[in-house]
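J.: Sequence and predicted structure are below.
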Amino acid sequence: MELQVRMTKVRAELKEVPTTSGRFNLTPAEARAADLALEGMTNRAIAEATHTTEQTVKNRMHAVYDKVGCGNRAEFVLIALRGGGQ
């Protein structure tokens, strides 16, 4: 819960949520899932928004973590919000 509070505060300080477009060498599908994760969506919500399964979203997010060099969503969000991959 503490991470969610921090993410909410960071997002409030940003004029807009950054996207992964052109960063991290992601495929379009990976970038879409990553961008939705940056907006705070769950895997299930991302699956519904992209008309895929939750397992597909999990697979894409793991590919994102591998390309970004992190181990989980919290690390990915921090790296992306700090401007990593540019």
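T.: Here it is on my side, so go on.

J.: Would you map the strands across this structure?
T.: Taking DSSP state E as the test, none of the chain falls into strands.

J.: Can you pull the poorly scored residue ranges out of it?
T.: 1, 3-4, 7-18, 85-86 (pLDDT under 70).

J.: how does it look with 50?
T.: For the chain, no stretch has pLDDT under 50.

J.: So in it, which helix runs the longest?
T.: Within the chain, and with DSSP state H defining each element, the longest helix by residue count is helix 54-68.

J.: roughly how far out does that one sit from the chain middle?
T.: 9 Å (CA atoms, centre = their mean, to the nearest Å).

J.: can you list the residues that contact that helix?
T.: 20, 24-27, 29-30, 33-34, 37, 43-44, 46-47, 50, 71-73, 75-76, 79-80, 84-85 (CB atoms under 8 Å, 6 or more residues apart in numbering). In short, each C-beta sits where N, CA and C put it, glycine included.

J.: Which positions in stretch 25-41 come out as buried?
T.: For stretch 25-41, the neighbour count (16 or more other CB atoms under 10 Å) marks Leu26, Glu30, Ala31, Arg32, Ala33, Ala34, Asp35, Leu36, Ala37, Leu38, Met41 as buried.
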